[in-house]
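Undergrad: here is my input, please return the structure:
(chains A and B)
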Amino acid sequence: MGQKPGGWFSFRFFVFLLVCLVLLGAGIFWHRAIESAAWALISPLQRARVGFDSSENQRLRAELASTTALIADRNALYQENIELKNRLNRNGATAVILAGVLMRPPAIPYDTLLVDAGEAEGVHAGDFVSAGGTTRIGTVGEVYGHTSRVILFSSAGQTYDALLHLASPANDSGVNTTQVVPVSMQGQGSGSFVGQVPAGTSVKVGDSIVFPGIASALAGSVSSVVFDPKQSFTTLYARLPVDLLSLRFIEIEKDSYAR
Amino acid sequence: MRANAWVIRIGVPVLFIIGFFLPWWPLMFVAPFIAAFYGYWLPALLLAWCADLIFGTPVGLFHSLVFPCTVAVVLSIVARSVIIRHLR
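TA: Sure thing, here's the model as predicted:
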């Protein structure tokens, strides 16, 4: 392919080295500013593309995804509601910023979303992101002018402390009791997590995984349980309660990073 | 060979753009590697850099790389050069 004879330290090699250094140097030192400028140019294109996709079918799929999240949310809320009725009425409500999803997997890798709300709309890095109601799906990773990048809880390598709500049958007096087991969940990508609980824990498919806190939010539901009698732990697999491919809007919990 | 060169020169950017609008990120990821494989290192580096801007900083193990696609393309260009010299 036009390979010219010459040593390693040819003019072409120095140009290659210079370009590499400029690109990687710019990437390391000014990547936030460059990404911000790039997204200022690209986001109108993405908005236009998302606008073209908004057919009836897309709208119905988005509604179905939202409904699925609400149904998954309902069981966790019901259990929590019973507990909270016996306690002080502390306000756990948060202000939210509605944002449209510009890019989602498989358009971008690393289990991230690109949304159309940024610094100008009051978004901060670390803010929690929900798919509606109390269904949390991730945190804001990077904030640009009018766009932000959301890192989903299911991103590979991410680890979170959560609580596993074990649904128990009603006792003799007809009251549902909730057993809570702390669990460390690790993201596996594509909306799935893995975690371990002590062997003997009565975890079932469909049990809820929530984040601790006054506004304890649903993070996922158990989709599979693997028990090996030789091991002292039971491995459980969970999924985000929303369909990432159909997600059109998300809610960013304002200033939730400080809580 | 000249026809092949034009296929690469036009095909690689088109592949990258299709990957962006389809949208399917592996196509965007593959485009700079094809350019690097055929010796077009400057377009390969620029496309990889653009892909990294769009993809953002990786999450988890490769977070510290910041621009992983560009780094991978640089390594592939160096590997291609070493292999060509070795086989010559």
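Undergrad: for whichever residue of chain B sits closest to chain A, give its distance to residue B:26.
TA: Closest approach between chain B and chain A, counting by C-beta to the nearest C-beta: residue B:60, at 2.4 Å. All C-beta spots, glycine's among them, are computed from the backbone N, C-alpha and C. Residue B:60 sits 18 Å away from residue B:26, taking C-beta to C-beta, to the nearest Å as the criterion.
Undergrad: for the residue of chain B closest to chain A, which non-adjacent residue is closest in space?
TA: residue A:157 (2.4 Å; C-beta to C-beta, 6 or more residues apart in numbering or on different chains).
Undergrad: which strand or helix spans the one you found?
TA: If you go by DSSP states H and E, residue A:157 is not part of any helix or strand.
Undergrad: quick one, phi psi at it?
TA: phi 90, psi -10 (degrees, to the nearest 10).
Undergrad: of residue B:60 and residue B:26, who's got more company?
TA: residue B:60 (16 against 11; other C-beta atoms under 10 Å in any protein chain shown).
Undergrad: right, and that one touches residue A:159 too?
TA: No. Between residue B:60 and residue A:159 there is no contact under C-beta atoms under 8 Å: 9.6 Å.
Undergrad: what is in contact with these two at once?
TA: Here residue B:60 and residue A:159 have residue A:187 as joint contacts, going by C-beta atoms under 8 Å, 6 or more residues apart in numbering or on different chains.
Undergrad: give me the most central residue, chain B.
TA: residue B:32 (1.7 Å; C-alpha atoms, centre = their mean).
Undergrad: what pLDDT is listed against the residue nearest the centre of chain A?
TA: Most central in chain A under C-alpha atoms, centre = their mean is residue A:152, positioned 2.2 Å from the mean C-alpha point. On the pLDDT scale, residue A:152 is placed at 89.
Undergrad: from residue A:188, how far out is it?
TA: From residue A:152 to residue A:188 the distance is 11 Å (C-beta to C-beta).
Undergrad: residue A:203 reaches residue A:223, doesn't it?
TA: No. Counting by C-beta under 8 Å, residue A:223 is not a contact partner of residue A:203; they are 11.4 Å apart.
Undergrad: who has more neighbours out of these two?
TA: Set residue A:203 next to residue A:223 and count neighbours by other C-beta under 10 Å: residue A:203 wins out with 22 against 14.
Undergrad: quick one: contacts for the more buried one?
TA: A:164, A:166, A:181, A:197, A:222, A:225, A:234, A:236.
Undergrad: what's the lowest-mean-pLDDT helix or strand in chain B packed up against?
TA: Lowest on mean pLDDT, DSSP states H and E among the helices and strands of chain B sits helix B:2-21, with a mean of 82. In terms of contacts (3 or more C-beta pairs under 8 Å, 6 or more residues apart in numbering or on different chains; DSSP states H and E), helix B:2-21 is packed against helix B:25-37, helix B:41-55.
Undergrad: adding distance to residue B:4 and mean pLDDT, write the ones you listed out as JSON lines.
TA: Putting these into JSON lines (distance: least, C-beta to C-beta, whole Å; pLDDT from 0 to 100) gives the following:
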{"stretch": "helix B:25-37", "distance to residue B:4": "12", "mean pLDDT": "89"}
{"stretch": "helix B:41-55", "distance to residue B:4": "15", "mean pLDDT": "89"}
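Undergrad: tell me the most buried of these?
TA: helix B:41-55 (a mean of 22; mean count of other C-beta atoms under 10 Å in any protein chain shown).
Undergrad: touching, residue A:128 and residue A:135? I think so.
TA: No. Look at residue A:128 against residue A:135 with C-beta under 8 Å: they stay out of range, at 10.8 Å.
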